[in-house]
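Enquirer: here is a sequence with its predicted model. Questions after.
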Amino acid sequence: MRANCWMGRTSVEVRDVPDPAILNDRDAIVRITSTAICGSDLHLYDGFIPTMEKGDVLGHEFMGEVVEVGGGVGNLRVGDRVVVPFPIACGACNACAAGYYSVCENSNPNAGMAEQLWGYAGAGIFGYSHLTGGFAGGQAQYARVPFADVGPIKIENDLPDEKVLFLSDIFPTGYMGAEMADIRGGDVVAVWGAGPVGLLAMASARLLGAERVIAVDRFDYRLRKAAEQVGAETIDYGKTDVQEVLKDLTAGRGPDSCIDAVGMEAHTEVAPLQLYDRAKQAVRAETDRGPALRQAITSCRNGGTVSVIGVYGGLMDKFPVGSWMNRSITLRTGQCHVQRYTRPLLERIERGEIDPSFVISHRLPLEEAPRGYEIFKEKQDECTKVVLSA
Amino acid sequence: MECRAAATIRRDEAEIRSRLPEADPPLSGDDVVVTFAPAPGARGTEVRAVLEAGSGGPLGAVVGAVTGTDPERRLSDAMRRFKQLLETGEVVRSEGSPEGADAPRMRTQHPAEPLGTEH
């Protein structure tokens, strides 16, 4: 089959690789119809996530048709149309039983590796380094899906792929970001990053009752999308002092909740700070650049909540611990527990409350994945989200 | 030397005890002592294994045979695979780690692409 493979820093290639086969009874094989490039794939592309191997099949946002099931998968049949959550979860351990699917205790065969970096390991993730299990990803014609009786959600309506594809990751991730932000009626929610996850966090904040949503980014076309699609007020951090503007917009209070939808490759216009983080990252003295998270914390109102859905990998410097502690800020985070959200969010899509496909800017064939990565990374051609058809 | 590994397994003690020989390598035999305690909050059973590395018995032999690996990691791999087997019914395999949790394999991963005919 054809698959998009990681070949080294800023290099991906669509190559011929073997077709996947069932390895365990609870596996299924899915023929992929649609798959997407995630902002977090760019962290792999840019070489910021350790433990990648040349030839790794990328991709963790995919859907398609079941073509083979193992003997232990009772709920799926050949021909079923499914969306596959990015975290692999067994459904049987204490973490899964409590709904914490993205920290499944069983699905990462390389947990020992992750424990050395993080203390304890998270779940296995499709196409996302060997630290998260070394699973082949879904930017391919076919994928093997472990624990297929737990993760995939059957799509039994005739909605097009692009309306349901993002149940695999970015819609639940954005929604969980808004849910963790503990939004109450009348709240003002600021979101750092108007990329696909940030836009869906903004839309989710609206669904959960936020009165005002404020988008922080520096790309005009993304801020425009936030304003047009979500009714967000916008702040261009390249042109203004974000904290001052937020103070002004909230008459001195600060936003009730702040969502970091940026993560480890954050950027700041404050040159010495940007240089500081870049230099430390370059010599591996810091793995994660922190301006978005730092600013989300220091901008949040006293007693407010900061919710982190941008991806971080290791260590960050200059964490504003004093601002966090002295002002009673609640800090919440996590890789999305997608399996918790697929059913209720599919129902919201079916009821017409939201159509997550508004984030899509580019539709390309799988063969053009390398171009997709490049335009997404460089933000060319007003790129917000690339969907690949396999 | 003494090695230790522990896991909380969402099963009752009697079942875990009866299935110890299914562990690979088995968590039974003269060289390994396994103890049990109920996990608080109805979370199953706390299982602890202590191994005299280098001594006789199947696990000790495997540990002794593998040079350059940390016997404690080997024991913890065995415990991890055993927990997976009891809780999920299978040893979890990825394209990078087709044998399942395995310390030496973690050092030299198969690329995360389908395994093809080699498996």
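Expert: Arrived safely.
Enquirer: next, count neighbours for the residue of chain A found nearest chain B.
Expert: In chain A, the residue that lies nearest chain B is A:Gly134 (1.9 Å; C-beta to the nearest C-beta). Yep, even glycine has a C-beta here, placed from its N, CA and C like the rest. Per other C-beta atoms under 10 Å in any protein chain shown, the neighbour tally for A:Gly134 reads 31.
Enquirer: ok, it to A:Ser328 distance?
Expert: Counting by C-beta to C-beta, to the nearest Å, the gap from A:Gly134 to A:Ser328 is 41 Å.
Enquirer: in the stretch 251-390 of chain A, which spans are strands?
Expert: Under the criterion DSSP state E, counting those that start in this stretch, the stretch 251-390 of chain A contains strands at A:257-260, A:305-308, A:330-333, A:362-365, A:386-389.
Enquirer: put together JSON lines for those strands, with mean neighbour count on each row.
Expert: Output for the strands of the stretch 251-390 of chain A, formatted as JSON lines (neighbours: other C-beta atoms under 10 Å in any protein chain shown):
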{"stretch": "strand A:257-260", "mean neighbour count": "30"}
{"stretch": "strand A:305-308", "mean neighbour count": "24"}
{"stretch": "strand A:330-333", "mean neighbour count": "16"}
{"stretch": "strand A:362-365", "mean neighbour count": "15"}
{"stretch": "strand A:386-389", "mean neighbour count": "21"}
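Enquirer: which of those strands sits closest to A:Ala98?
Expert: Using C-beta to C-beta as the measure, strand A:330-333 is the one of the strands of the stretch 251-390 of chain A that comes nearest A:Ala98, at 15.8 Å.
Enquirer: which strands or helices does that closest one pack on?
Expert: Contacts defined by 3 or more C-beta pairs under 8 Å, 6 or more residues apart in numbering or on different chains; DSSP states H and E place strand A:330-333 against strand A:305-308.
Enquirer: which helices and strands does the strand it packs on pack with?
Expert: helix A:170-180, strand A:257-260, helix A:291-299, strand A:330-333.
Enquirer: for it, C-alpha coordinates in CSV please.
Expert: Provided in CSV are the C-alpha atoms of strand A:305-308 (Å, rounded to 0.1, in the frame of the first residue of the first chain):
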residue,chain,number,x,y,z
THR,A,305,-8.9,28.4,34.8
VAL,A,306,-6.2,27.7,32.3
SER,A,307,-6.8,24.7,30.0
VAL,A,308,-3.9,23.3,28.0
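Enquirer: what strands line up against that strand, and which way round?
Expert: Partners of strand A:305-308 in the sheet, by DSSP bridges, are strand A:257-260 (parallel), strand A:330-333 (parallel).
Enquirer: most centrally placed residue in the chain?
Expert: You didn't pick a chain, so chain A it is. Nearest to the mean C-alpha position of chain A, counting by C-alpha atoms, centre = their mean, stands A:Ile170 at 5.0 Å.
Enquirer: chain B was what I was after
Expert: So for chain B, C-alpha atoms, centre = their mean, it's B:Ala78, sitting 1.2 Å from the centre.
Enquirer: which element is it on?
Expert: Taking DSSP states H and E as the definition, B:Ala78 sits inside helix B:71-88.
Enquirer: check contacts around A:Asp80.
Expert: A:65-66, A:154 (C-beta atoms under 8 Å, 6 or more residues apart in numbering or on different chains).
Enquirer: from A:Ala143, how far off is it?
Expert: A:Asp80 is 14 Å from A:Ala143, by C-beta to C-beta.
Enquirer: just the pLDDT at whichever residue of chain B sits closest to chain A, thanks.
Expert: Here the residue of chain B nearest chain A is B:Gly96; by C-beta to the nearest C-beta that distance is 1.9 Å. On the pLDDT scale, B:Gly96 is placed at 95.
Enquirer: would you map the helices across chain B?
Expert: B:13-19, B:58-65, B:71-88, B:103-107 (DSSP state H).
Enquirer: which residues touch residue 81?
Expert: This is for chain A. Taking C-beta under 8 Å, 6+ apart as the test, what A:Arg81 contacts is A:63-66, A:154-156.
Enquirer: not quite, I wanted chain B
Expert: B:23-24, B:91, B:100-101.
Enquirer: equivalent analysis for A:Ala95, please.
Expert: Here A:Ala95 is in contact with A:101, A:103-105 (criterion: C-beta under 8 Å, 6+ apart).
Enquirer: same thing but at 7 Å, please
Expert: A:103-105 (C-beta atoms under 7 Å, 6 or more residues apart in numbering or on different chains).
Enquirer: can you pick the most crowded of those residues?
Expert: Counting by other C-beta under 10 Å, top hit in the contacts of A:Ala95: A:Cys104 with 30 neighbours.
Enquirer: just the pLDDT at that residue, thanks.
Expert: Value for A:Cys104, per-residue pLDDT: 98.
Enquirer: is the residue lying closest to A:Val191 once chain neighbours are set aside in a bridge, and if so with what?
Expert: Excluding its sequence neighbours, the residue lying closest to A:Val191 (C-beta to C-beta, 6 or more residues apart in numbering or on different chains) is A:Ile259, at 4.5 Å. Note on A:Ile259: beta-bridge partners by DSSP bridges are A:Val191, A:Ser307.
Enquirer: identify the bridge partners of residue 3.
Expert: With no chain named, the answer covers chain A. Under the criterion used (DSSP bridges), A:Ala3 bridges to A:Arg15, A:Ala140.
Enquirer: sorry, I should have been clearer: chain B.
Expert: Under the criterion used (DSSP bridges), B:Cys3 bridges to B:Leu51.
Enquirer: check contacts around it.
Expert: B:Cys3 touches B:51, B:53, B:71-72, B:75, counting by C-beta under 7 Å, 6+ apart.
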